[in-house]
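S.K.: Curious how this folds, go ahead:
(chains A and B)
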Protein chains: 2
Amino acid sequence: MSVIYDRVALIGLGLIASSMGHAMKRHGLAGHVAGHAKSEATRSAALEIGFCQSVHATAAEAVRDADLVVLAVPVGAMGEVAAAIAPYLKPGATVTDVGSVKQAVVAEVAPHLPAGVQFIPGHPLAGTEHSGPHSGFASLFENRWCILTPPAAADPHAVARLRALWEAMGANVDEMDAAHHDLVLAVVSHTPHLIAYTMVGVADHLGQVTESEVIKYSASGFRDFTRIAASDPTMWRDVFLTNKEATLDILGRFTEELFVLQRAIRMGDGQALFDYFTRTRAIRRGVIEAGQDTAAPDFGRTKVDP
Amino acid sequence: MSVIYDRVALIGLGLIASSMGHAMKRHGLAGHVAGHAKSEATRSAALEIGFCQSVHATAAEAVRDADLVVLAVPVGAMGEVAAAIAPYLKPGATVTDVGSVKQAVVAEVAPHLPAGVQFIPGHPLAGTEHSGPHSGFASLFENRWCILTPPAAADPHAVARLRALWEAMGANVDEMDAAHHDLVLAVVSHTPHLIAYTMVGVADHLGQVTESEVIKYSASGFRDFTRIAASDPTMWRDVFLTNKEATLDILGRFTEELFVLQRAIRMGDGQALFDYFTRTRAIRRGVIEAGQDTAAPDFGRTKVDP
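M.R.: Residues are numbered from 1 along each chain as shown, chains lettered A, B, ... in the order given. Okay, here's the model as predicted:
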């Protein structure tokens, strides 16, 4: 493929940014990839691994002359980074991000950016339970969704170009508004993560059932919860703090539903339980038909690249 | 390996029984495997697939002369089956089951069985989201746990022989009392399943987020819930009705924990969230170290045999 952006700056060099670096390198999508991370060890690792061609001690230096700036720091740090880079952005540059929440990022970032810079928020729905510059791999985004939430005033050409980059990295791209994104993600990702964290916490606190028993017998359902609950604590703290409204809304619905099932158990209402469990099967079938689950090793979630 | 039981009767021919049939055949562990299922189509399938050498229209016929009888029907049907086969059991035979709940099975089955028959309840912690005679495969139990809950008066030789069968099919065998089993399983399996069913149900009811969106974006966490929630509705109805006390206990603890996290979100207490999420990571590490998760295709959960 051909170069889509002459110079890309990755701010933050964790799982997502390093995977973007690998993918852009593999497919020849960027003339130069500059990187910045707060930690010198992370910057050195990025150069050594080779997913950046240059690293810079400050975000301001990294974004100089960049045609695309990717904010790949925790959601809670986006505003500070935006303020730091704003004076150094190239006129006409596109700024995007990869945060799991969009309304809060828009509120934190957009006010800092100068006129003439396009801000097109984004969120690749891809990840593993690993983090840091060593965790990235070029195929992370393949056949995964990337949601863009361009503001109404965004330049269509800038949106099309960013979309082309994600598609060239293997992603399927959707566009929606930021508020809808945050609600959808509260359902399919944020609330499930909180629930998984909670269930793992319950298991941890129980004295009668030992931790070794929980671990030994985890294959019977609990294992899937531990996988979800092993994700990066900083990232998830910020997700819940910044997508508070939608998460609390879905959590409220979840608790109501759970109480209905709990009552059916207490009352011995087998028919209600059977009917409920039958309905949920159909959704699972939909997930498989939509190609969002596979028989591939580890569901493509851990590093499978050579 | 050599024959452990001359004649085995499988009562119920679903995922677990068919996998046992395949495994006993592959490893030469039974002289003859007789099978019974209520449905004639299921019986024909079992013969055709070849994991039974004979099938019988009634459970009573199937258990005749059997040295081992395996009750592999939903937990709610165990008592009825036990009553039906009791007069036809061979003196000295062992009866076991594969139900996900143990105290209720003991209460339903034991009173029917004649003296001289050993009842040794069992529970292989293995399964897939599929059910029926076509879903079984010989390696289902490999490196999975099978918990036996022999009563205090059980004949040690009969217990050792049943343990040998499970080990020969690849399982790791543990023994504990039935009440402890039910509590452990409420933590690692039953409550996680109920929660997964609930979360999938919440997604299904939401009007603002379309079902197609839920399915498209499920890779971001929700997918693991749909996998859990796709299990057999009859089996799970019976699990919750028969392991009521332990499930309600764990559900109560779960709701309390969830409210603590929900409050932290509402109050913006990032430190509490971060600390909680950091603790759960350690449990995930334990699961991987214990070998209960693998990078193998589909975590060994679907049919991987040739």
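S.K.: For the rest of this, base every contact and every neighbour count on C-alpha atoms.
M.R.: Fine.
S.K.: burial of residue A:61, as a residue count?
M.R.: 18 (other C-alpha atoms under 10 Å in any protein chain shown).
S.K.: Tell me the helix or strand right after the helix or strand it falls within.
M.R.: Secondary structure from DSSP states H and E places residue A:61 in helix A:59-63. Next along the chain after helix A:59-63, taking DSSP H and E as the criterion, comes strand A:68-71.
S.K.: returning to what we had before: now the helix holding residue A:61, how far from the chain's geometric center?
M.R.: Centroid separation between helix A:59-63 and its chain, computed with C-alpha atoms, centre = their mean, to the nearest Å, is 23 Å.
S.K.: what does that helix rub up against?
M.R.: The contact list for helix A:59-63 (C-alpha atoms under 8 Å, 6 or more residues apart in numbering or on different chains) reads A:8-11, A:34-37, A:55-56, A:69, A:81, A:84-86, A:88-90.
S.K.: mean confidence for that helix?
M.R.: In this model, helix A:59-63 carries a mean pLDDT of 98.
S.K.: try stretch A:142-153
M.R.: 95.
S.K.: Which of the contacts of helix A:59-63 fall within strands?
M.R.: Residues of the contacts of helix A:59-63 located in strands (DSSP state E): A:8-11, A:34-36, A:55-56, A:69.
S.K.: which among those residues gets closest to residue A:264?
M.R.: residue A:11 (50.4 Å; C-alpha to C-alpha).
S.K.: low-scoring stretches of chain A, by residue?
M.R.: A:1, A:205, A:207-208, A:220, A:287-288, A:290-306 (pLDDT under 70).
S.K.: before we move on, back to that, could I get the ones in strands among the contacts of helix A:59-63 in a markdown table, plus columns for distance to chain B and neighbour count?
M.R.: Shown next, in a markdown table, are the ones in strands among the contacts of helix A:59-63 (distance: C-alpha to the nearest C-alpha, whole Å; neighbours: other C-alpha atoms under 10 Å in any protein chain shown):
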| residue | distance to chain B | neighbour count |
| --- | --- | --- |
| A:8 | 26 | 29 |
| A:9 | 26 | 30 |
| A:10 | 23 | 29 |
| A:11 | 23 | 28 |
| A:34 | 28 | 25 |
| A:35 | 26 | 31 |
| A:36 | 24 | 26 |
| A:55 | 29 | 25 |
| A:56 | 29 | 19 |
| A:69 | 24 | 28 |
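S.K.: isn't residue A:123 right up against residue A:105?
M.R.: No. The pair residue A:123 / residue A:105 is not scored as a contact, 10.9 Å apart, by C-alpha atoms under 8 Å.
S.K.: Settle it for me: which of the two has more neighbours?
M.R.: residue A:105 (23 against 20).
S.K.: Now the more buried one: phi and psi?
M.R.: Dihedral pair for residue A:105: phi -70, psi -40, per degrees, to the nearest 10.
S.K.: Give the pairing partners of the strand or helix carrying residue A:174; include direction for each.
M.R.: Element membership of residue A:174, judged by DSSP H and E, is strand A:172-175. Sheet pairing here is set by DSSP bridges, and for strand A:172-175 it gives strand A:145-148 (parallel).
S.K.: Next secondary structure element downstream of the strand it pairs with?
M.R.: Past strand A:145-148, the next helix or strand by DSSP H and E is helix A:156-168.
S.K.: Give the buried residues for that next one.
M.R.: For helix A:156-168, a neighbour-count test (16 or more other C-alpha atoms under 10 Å in any protein chain shown) marks A:158-159, A:162-168 as buried.
S.K.: Make a markdown table from these and add distance to chain B to it.
M.R.: A markdown table is the format used below for these (distance: C-alpha to the nearest C-alpha, whole Å):
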| residue | distance to chain B |
| --- | --- |
| A:158 | 24 |
| A:159 | 21 |
| A:162 | 20 |
| A:163 | 17 |
| A:164 | 20 |
| A:165 | 20 |
| A:166 | 16 |
| A:167 | 16 |
| A:168 | 19 |
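S.K.: Let me see the domain layout of chain A.
M.R.: Domain assignment for chain A by automatic domain parsing gives A:5-176, A:180-300.
S.K.: got those as CSV, with distance to residue B:175 columns?
M.R.: Shown next, in CSV, are these (distance: least, C-alpha to C-alpha, whole Å):
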stretch, distance to residue B:175
domain A:5-176, 33
domain A:180-300, 12
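S.K.: okay, now the residue nearest to residue A:169 when sequence neighbours are not counted: neighbour count?
M.R.: For residue A:169, ignoring the flanking residues on the chain, the nearest one in space by C-alpha to C-alpha, 6 or more residues apart in numbering or on different chains is residue A:23 at 5.7 Å. Using other C-alpha under 10 Å, residue A:23 has 26 other residues around it.
S.K.: Tell me which residues touch residue A:23, please.
M.R.: Counted by C-alpha under 8 Å, 6+ apart, residue A:23 has contacts A:137-139, A:169.
S.K.: Let's have those in CSV, adding secondary structure and neighbour count.
M.R.: Listed next are the contacts of residue A:23 as CSV, based on DSSP: H, G, I helix; E, B strand; the rest coil; neighbours: other C-alpha atoms under 10 Å in any protein chain shown:
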residue, secondary structure, neighbour count
A:137, coil, 23
A:138, coil, 23
A:139, coil, 20
A:169, coil, 27
